[in-house]
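# Okay, here's the prediction I keep looking at, along with the sequence it came from:
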Amino acid sequence: MSDWRNDLSKRIIIDSGSCNLRFGNCEQDEPLSIIPNLLAVDKKQGNLIYGENLQNTLQESHLNYIKPHTRGVLVDWDNEVQLMENLIQQNCDSKELAQSCLIQTFQPGLPEKVRLRMFEVAFEYFQFDSFFPANSQSMIYEWFNSKEENQNQSQTLKTFQLVVESSHSATYITPYFDGEPINYATTRLDVGGKLLTNHFKDLISLRHFDFKNEIRLTQQIKEEVCFVAQQFTQEMKKKKGSHRKFFVLPDYDTGKKGYSKDSHDQNTYEQVIQLDKERFQIPEIIFNPSDIGLYQNGLTQSILDTIQKINPDIRDYFLENIILSGGNTQMPGFSERLQAEIRANTPDHLNIKVNHINDEQPVFSGCIEFCSDDDFKPSVISKQDYRENGFHYLHKFYFI
């Protein structure tokens, strides 16, 4: 019987993002399933809703959400395992897990108890033959460098790279030297898409309708209408209505989903909210968290602080090859603003370059690139390694 060593379909990938779970294998170019990484309890009926059923539920007012992640850290393993098990049952034969390898993503700086639980779930609950914990930033690095257009970079650019990932729960900044992360310089900024959505939700609730339980709807509005201002102060000075956009709320009776538009006919029966300066005030939090009372540096200053942790002889090179990724960076104007701010705060002789990854799933794609290669085989942890050496010996080789 074939196993993961010679069958790419048995190299199972679970990208455990705090916003979405992506499930697939190394034989496919795209995920087989993408579901929200949360569950909900129906207040009226008391039943648990998750996966595709939750995706298809438009009205959120009668739902109480259960989130396995808290501040980007997976803490509710019982519910997370339930989501993972559902994905496995839908997409592969559970009897073949004993011949399969699980590739599961993680973020830097995980508490030791969470790392231990990853091993226990892989080997003791699901009974996988092998396990590979995949650093999300390293997978972004692999994806970026696998692209043909990036393989012809100079040796200097290949040696010094800075991965910036601004995702759902936080923003991570990790320097890479010759393919290896500089762990001591990794920086976490406690601002991510979830914080932006929650603040946006409060703003809309104050000015329009009560959106306090409309998490997924608010996230959709944010993704469709928000943009990053290149000159925030100047944009704020513009007259009211200069950035007007409308969002038509979903119709729960007909099942019609919400959508954004540039103009609105007041004679229609649609429920509409009008957005103006909120469109760029929300993304500004990433660059200036102090605007909402968060006492930490913004993204640009955090990048510059990260560079200062590195040897002075080489630190400047990292700014010449910045890899920018994550859902927040997909907002129009994000990469241009970051490029301009770093340029304005660094010496003129540096060739500042921000490489924006315009892809929604570079972590998952990076897992496919890295784990499809034969060089992947020596990197995995086998069940035998786990039983003979234990977690406390193995984890130091795989986690930051």
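Happy to help now that I have it. Numbers count the residues shown, from 1 in each chain.
# Put the alpha carbons of the helix or strand where R387 lies into PDB.
Using DSSP states H and E, R387 falls within helix 383-389. Once non-C-alpha atoms are left out, helix 383-389 reads as follows in PDB (Å, rounded to 0.1, in the frame of the first residue of the first chain):
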ATOM      1  CA  LYS A 383       5.200   8.800  15.000                       C
ATOM      2  CA  GLN A 384       8.200   6.600  15.900                       C
ATOM      3  CA  ASP A 385      10.300   9.800  16.500                       C
ATOM      4  CA  TYR A 386       7.600  11.200  18.700                       C
ATOM      5  CA  ARG A 387       7.200   8.000  20.700                       C
ATOM      6  CA  GLU A 388      11.000   7.500  21.200                       C
ATOM      7  CA  ASN A 389      12.100  11.100  21.800                       C
END
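# Show residues contacting that helix.
F119, F123, F128, D129, S130, F131, L394 (C-beta atoms under 8 Å, 6 or more residues apart in numbering). C-beta here means a position set from N, CA and C on the backbone, and glycine is covered the same way.
# The same query, at a cut-off of 10 Å, please.
98, 119-120, 122-124, 127-131, 381-382, 393-394 (C-beta atoms under 10 Å, 6 or more residues apart in numbering).
# give me every residue that touches the residue lying closest to Q308 once chain neighbours are set aside.
Spatial nearest neighbour of Q308, excluding adjacent residues (C-beta to C-beta, 6 or more residues apart in numbering): R315 at 7.0 Å. By C-beta under 10 Å, 6+ apart, the contact set of R315 is F160, P175, A185, L304, T306, I307, Q308, K309.
# Got phi/psi on R315?
phi -60, psi -40 (degrees, to the nearest 10).
# any idea how far it lies from Y141?
18 Å (C-beta to C-beta, to the nearest Å).
# Likewise for L32?
Taken as C-beta to C-beta, the span from L32 to Y141 is 24 Å.
# quick one, which of these two is more surrounded?
Y141 (24 against 16; other C-beta atoms under 10 Å).
# residue nearest the centroid of this protein?
S167 (3.7 Å; C-alpha atoms, centre = their mean).
# isn't there a helix covering R5?
No - checked against DSSP: H, G, I helix; E, B strand; the rest coil, R5 lies outside a helix; its state is coil.
# Nearest residue to it in space, please, no chain neighbours.
Looking at R5 with C-beta to C-beta, 6+ apart, the closest residue is K377, at 6.3 Å.
# That neighbour reaches W4, doesn't it?
Yes - taking C-beta atoms under 10 Å as the definition, K377 is a contact partner of W4 at 8.9 Å.
# Settle it for me: which of these two has more neighbours?
More neighbours surround W4 than the other of K377 and W4, with 25 against 13 (other C-beta under 10 Å).
# thought that one was touching C92?
No - W4 is beyond contact range of C92, at 11.8 Å (criterion: C-beta under 10 Å).
# Just the buried ones from the contacts of helix 383-389, in PyMOL syntax?
A single PyMOL command suffices to select whichever of the contacts of helix 383-389 are buried according to 16 or more other C-beta atoms under 10 Å:
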select buried, resi 119+122+123+128+129+130+131+381+394
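# Farthest pair within the contacts of helix 383-389?
Farthest apart among the contacts of helix 383-389 by C-beta to C-beta are A98 and Y393. That separation is 23.2 Å.
# any shared contact partners between K377 and W4?
With C-beta under 10 Å, 6+ apart as the test, K377 and W4 both reach C101, S130, C371.
# Going by distance to L203, which of those residues wins?
C371 (41.6 Å).
# follow-up on the earlier one: roughly how far does the residue nearest to the residue nearest to the centre of the chain when sequence neighbours are not counted sit from P181?
For S167, ignoring the flanking residues on the chain, the nearest one in space by C-beta to C-beta, 6+ apart is G326 at 4.3 Å. Look at G326 and P181: by C-beta to C-beta, they are 17 Å apart.
# Could you work out the end-to-end span of stretch 235-243 for me?
One end of stretch 235-243 sits 9 Å from the other (C-alpha to C-alpha, to the nearest Å).
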